[in-house]
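**Student:** I need the structure of the sequence given here:
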Amino acid sequence: MTEGNFVDYVKLSLTSGNGGKGSVHLHREKYITKGGPDGGDGGRGGHVKLRANSNLWTLYTFKFKKHYSAEHGGHGSKNRSSGAQGEDIYIDVPLGTVIKDTQTEEVICEITEKGQEVIVVKGGLGGRGNWHFKSSTRQTPRYAQQGIKGEERLVTLELKLLADVGLVGFPNAGKSTLLAALTSAKPKIADYEFTTLKPNLGIVHYRDFRSFLMADIPGIIEGAAQGKGLGHYFLRHIERNSVLLYVIPADTKDVKKEFEILRRELQEFNPELLDKQYMIVLTKCDLLDRELIEAYALEMKQSFSNIPHTMISSVSQLNLQALKDELWEVLLLENSIA
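**Tutor:** Okay, the predicted model is just below:
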């Protein structure tokens with residue numbers, strides 16, 4: 001899905017370099033009549049490597065360039081001189097990128113560590129020169145190996161956002177407004193469903209110069225695990241978040257039922273998502289009077305007695321600092337378990 005500068009899905013054509021040819025050469029030197037074979041080996045073709053870059057957060061650069069080719073290896077020459085190796089080509093990708101073979105859908109690797117390098121397409125080996133083939137019965141071989149051709153491979157890059165806290169909820173639940181209230185991010189905010197069509201990231205500044213990363217995931221609807229709405233495009237972004245924050249609006253009919261639907265959709269998509277630490281937040285509490293706030297507080301205490309939860313208003317800034325405190329405690333718990 002693509003909107004603005006955020007791209008999280010691209011297909012690339014990668015071609016490694018051909019190996020250089022082995023040389024066919026017989027040694028020639030003054031006063032040496034039969035120098036024998038001395039043809040050198042061909043150089044290896046260049047690899048195509050993917051390299052993690054922590055400064056990138058999108059696959060936007062691949063929107064305009066989709067073909068990458070490495071350099072060919074040099075040919076061998078006389079005096080057993082090997083050809084130069086083809087220069088490897090490095091392609092920088094953000095952390096959280098999954099590389100798949102486009103044809104087989106097989107996962108080649110995942111880029112999760114800073115500075116990680118992976119050879120996706122290997123360069124062809126250089127051919128051996130004719131001096132390798134001399135023997136007592138074949139003293140002047142007049143042939144050498146051709147270099148092995150490089151490989152061509154179609155790969156798919158999928159980006160899964162790496163964030164400390166991921167906002168999970170139905171469309172128009174107040175996720176983008178909450179992100180804007182807690183961070184300096186400026187997501188699109190409007191009073192209609194699916195306003196957010198791309199994930200948004202923001203840094204939440206906490207006490208004592210500490211901070212954590214928060215991701216606003218586009219809204220999930222019932223049936224998202226089967227592909228309804230924007231299901232498959234964005235559920236994968238939740239997989240890399242350390243803590244999940246379930247965002248439920250105060251104007252919903254049944255808070256507990258909405259929470260259970262969200263949990264069920266995550267379970268159907270990937271059961272491991274239920275193992276993550278999480279908490280629940282009831283948003284848009286500025287729409288409620290004092291009596292309704294007390295009633296909702298009692299209902300949430302009864303329904304979610306063993307689950308961290310709170311009630312906030314992003315507009316009036318109600319309990320936002322308390323939310324930061326609770327999220328920080330949950331993050332510490334997640335890190336201690338990990």
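
**Student:** Tell me the confidence at Glu152?
**Tutor:** On the pLDDT scale, Glu152 is placed at 95.

**Student:** That one reaches Leu12, doesn't it?
**Tutor:** No. Between Glu152 and Leu12 there is no contact under Cβ atoms under 8 Å: 11.2 Å. (Glycine included, C-beta is placed from N, CA and C.)

**Student:** Please identify which of those two sits among more neighbours.
**Tutor:** Leu12 (21 against 12; other Cβ atoms under 10 Å).

**Student:** Now do the SS call for that one.
**Tutor:** What DSSP: H, G, I helix; E, B strand; the rest coil gives for Leu12 is strand.

**Student:** ok, it - contacts?
**Tutor:** Phe62, Lys66, His67, Tyr68, Ile91, Leu154, Val155, Thr156, Leu157 (Cβ atoms under 8 Å, 6 or more residues apart in numbering).

**Student:** Distance of it relative to His205?
**Tutor:** 37 Å (Cβ to Cβ, to the nearest Å).

**Student:** Repeat that for Leu327.
**Tutor:** Counting by Cβ to Cβ, the gap from Leu327 to His205 is 12 Å.

**Student:** What sits closest to Arg263 if chain neighbours are left out?
**Tutor:** Distance criterion Cβ to Cβ, 6 or more residues apart in numbering; nearest residue to Arg263, sequence neighbours excluded, is Leu274 at 6.7 Å.

**Student:** dump the residue contacts of that neighbour.
**Tutor:** When contacts are counted by Cβ under 8 Å, 6+ apart, Leu274 is found next to Arg263, Leu266, Gln267.

**Student:** can you check Gly174 too?
**Tutor:** Val247, Pro249, Thr283, Lys284, Ser314.

**Student:** Now do the first one, the pLDDT please.
**Tutor:** pLDDT recorded at Val247 is 91.

**Student:** ok, what's across the strand from it?
**Tutor:** Gly169, Val281 (DSSP bridges).

**Student:** Tell me how many other residues surround it.
**Tutor:** Neighbour number of Val247 under other Cβ under 10 Å is 27.

**Student:** hang on, the earlier thing: so which of Leu327 and His205 has more stuff around it?
**Tutor:** Leu327 (24 against 13).

**Student:** what comes up buried for the helix or strand containing the more buried one?
**Tutor:** Under the criterion of DSSP states H and E, Leu327 resides in helix 320-337. The neighbour-count check on helix 320-337 (16 or more other Cβ atoms under 10 Å) flags Leu320, Leu323, Lys324, Glu326, Leu327, Trp328, Val330, Leu331, Glu334 as buried.

**Student:** One more: stretch 92-107?
**Tutor:** Buried residues in stretch 92-107, defined by neighbour count with 16+ other Cβ under 10 Å: Val93, Pro94, Leu95, Gly96, Thr97, Val98, Ile99, Lys100.

**Student:** need those in a markdown table with pLDDT, secondary structure and distance to Leu201, can you?
**Tutor:** Shown next, in a markdown table, are the buried residues of stretch 92-107 (pLDDT from 0 to 100; DSSP: H, G, I helix; E, B strand; the rest coil; distance: Cβ to Cβ, whole Å):
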| residue | pLDDT | secondary structure | distance to Leu201 |
| --- | --- | --- | --- |
| Val93 | 93 | strand | 16 |
| Pro94 | 90 | coil | 11 |
| Leu95 | 88 | coil | 12 |
| Gly96 | 86 | coil | 11 |
| Thr97 | 91 | strand | 15 |
| Val98 | 91 | strand | 18 |
| Ile99 | 94 | strand | 22 |
| Lys100 | 94 | strand | 23 |
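
**Student:** Please identify the nearest residue in space to the residue nearest in space to the middle of the chain, excluding sequence neighbours.
**Tutor:** Central residue of the chain (Cα atoms, centre = their mean): Thr97, 2.1 Å from the mean position. Setting aside the residues directly before and after it, Thr97 is nearest to Ile111 in space (Cβ to Cβ, 6+ apart), at 4.4 Å.

**Student:** Check what pLDDT that neighbour gets.
**Tutor:** 91.

**Student:** got it, and the one 10 residues further on?
**Tutor:** Note on Val121: pLDDT of 96.

**Student:** go on, Lys149?
**Tutor:** pLDDT, read off for Lys149, is 95.

**Student:** quick one: Thr310 and Val281 touch, right?
**Tutor:** Yes. With contact defined as Cβ under 8 Å, Thr310 and Val281 form a contacting pair (5.6 Å).

**Student:** in the stretch 201-338 of the chain, which segments are predicted with low confidence?
**Tutor:** Applying pLDDT under 70 to the stretch 201-338 of the chain flags the ranges 221-234, 335-338.

**Student:** Strands along that one, start to end?
**Tutor:** In the stretch 201-338 of the chain, the segments counted as strands under DSSP state E, counting those that start in this stretch are 211-216, 241-249, 277-283, 309-311.

**Student:** Dump those strands to TSV, plus distance to Asp289.
**Tutor:** Shown next, in TSV, are these (distance: least, Cβ to Cβ, whole Å):
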stretch	distance to Asp289
strand 211-216	29
strand 241-249	16
strand 277-283	15
strand 309-311	13
